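[1] Compute the structure for the input listed below.
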Amino acid sequence: MGNLVLMALCFIAGVVLRRTGRLPGSAPSVLNSYVIHVALPAMALLHIHGLEFSPELIYSVGSAWILFGVGYLLFRQAGRIANYSSGTLGALILTGGLGNTSFVGLPMIEVFYGAEFLGVGILIDQLGSFLILSTAGIALAASCSSGKVTASGMIRKVLVFPPFVAMIIAFAMMPLPFPAWAEEVLGRIGGTLAPVALLSVGFQLRLDHIRNNIGPLAVGLSYKLLFGPAIVALLFLVILGARGPLIQVSIFETAMAPMITGSILAAEHDLDPSLSALMVGLGIPLSFLTLPLWWWVLSLV
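    Numbering: from 1, shown residues only. Next up, the predicted model:
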């Protein structure tokens, strides 16, 4: 509960700071750069280094990749029909295709399923959402922002993306234990990610922009909160016949609100920043209504 209150306060603070003019208009750019270059790499180093693998967790990791892959295909089709710009399309994929599996997801897992499943949530976040953001996400952002990006150019952008570099270092250092002071430092720096990111999103949120974004906003939030999780549930429960609390948690995580750092990445590449902020700013409170419904539905299977 404390995490959710902190998220709400930071988001509201961003809105208030913009309305009162206490921060310059360039503030989101600075805050976003801090998230990408400092806080997110620290979190990657800490959590990926401590991951423990298990063969049956393939469903958990796969759920995030399926959500992103299906979202990519559906959003591209919707973009063709509605003639979305490349910026709008990129913003939809990066927010509607990636779930907030850490800042919203972990507290929600603890509330609905218990702390014993937090490890599953961290695995989904790090090898699912975060890994997608650091690879396919950055490549997509580069492609949509410039329009003409070579394969070598995309690879270079991925390889120099700070969170991706931190992830590779974390995997390489898995056999070596981190000293307690290093874990504390990384934890404190990584802990600033959610407050700073939400402050930035709140600052960029323009509710008066809803009317101009109503079409793509409805498409993105409908997929992220309802249809995307339903597709994963259909695949896991009906087609593959998987059962058990681990499967329920995996599907539950796909129903989280849009990923904050996906919105940050979209804004960094100037991919329809107003839509990106609205996806997160409206998606998070709406998810507080849809997640209990998903928990109830999944409890029936």
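[2] Dead centre of the protein: give me the residue that sits there.
    Against the mean C-alpha coordinate of the chain, by C-alpha atoms, centre = their mean, the closest residue is residue 259 at 2.4 Å.
[3] Quick check: the gap between it and residue 155.
    Distance, residue 259 to residue 155, by C-beta to C-beta, to the nearest Å: 23 Å. Heads up, the C-betas are built off the backbone N, CA and C, glycines and all.
[4] Residue 292 too?
    Applying C-beta to C-beta to residue 292 and residue 155 gives a distance of 42 Å.
[5] What of residue 268?
    With distances taken as C-beta to C-beta, residue 268 is found 19 Å from residue 155.
[6] of the two, who's got more company?
    Neighbours per residue (other C-beta atoms under 10 Å) separate residue 268 from residue 155, with residue 268 holding more: 20 against 13.
[7] residues in contact with that one?
    Applying C-beta atoms under 8 Å, 6 or more residues apart in numbering, one finds that residue 268 lies in contact with 29, 32-33, 36, 141.
[8] for residue 93, same thing?
    Neighbours of residue 93 in contact, by C-beta under 8 Å, 6+ apart: 68, 71-72, 75-76, 140.
[9] could you flag which of those are buried?
    68, 71-72, 75, 140 (16 or more other C-beta atoms under 10 Å).
[10] and of those, the nearest to residue 86?
    Minimum separation from residue 86 among the buried ones among the contacts of residue 93 (C-beta to C-beta) is found for residue 140, which lies at 10.2 Å.
[11] Pretty sure that closest one sits in a helix.
    Yes. Assessed with DSSP: H, G, I helix; E, B strand; the rest coil, residue 140 lies in a helix.
[12] My guess is it contacts residue 91. True?
    No. Using C-beta atoms under 8 Å, residue 140 is not in contact with residue 91; the gap is 10.4 Å.
[13] show me where pLDDT drops low in the chain?
    Applying pLDDT under 70 to the chain picks out residues 1-4, 51, 56, 146-150.
[14] Show me which residues of the biggest helix by length in it are buried.
    In the chain, assigned by DSSP state H, the helix with the most residues is helix 273-299. Of all the residues in helix 273-299, those buried under the rule 16+ other C-beta under 10 Å are 273-284, 287, 290-291, 294-295, 297-298.
[15] again, but for stretch 178-185
    So stretch 178-185, judged by 16+ other C-beta under 10 Å, has buried residues residue 178.
[16] who's in contact with that stretch?
    Contacts to stretch 178-185, defined as C-beta under 8 Å, 6+ apart, come from residues 42, 46, 49, 186.
[17] from those residues, which is closest to residue 114?
    Distances from residue 114 to the contacts of stretch 178-185, taken as C-beta to C-beta, are shortest for residue 46 (22.7 Å).
[18] who touches the residue found closest to the closest one once you drop the neighbours it is linked to in the chain in this structure?
    The shortest distance from residue 46 to any residue that is not its chain neighbour, by C-beta to C-beta, 6 or more residues apart in numbering, is 4.1 Å, and that residue is residue 186. Under the criterion of C-beta under 8 Å, 6+ apart, the neighbours of residue 186 are 42-43, 45-46, 178.
[19] which other helices and strands contact the helix or strand harbouring residue 247?
    For residue 247, the host element (DSSP states H and E) is helix 245-254. Packed against helix 245-254, as judged by 3 or more C-beta pairs under 8 Å, 6 or more residues apart in numbering; DSSP states H and E, are the following elements: helix 58-82, helix 105-112, helix 118-123, helix 228-233, helix 273-299.
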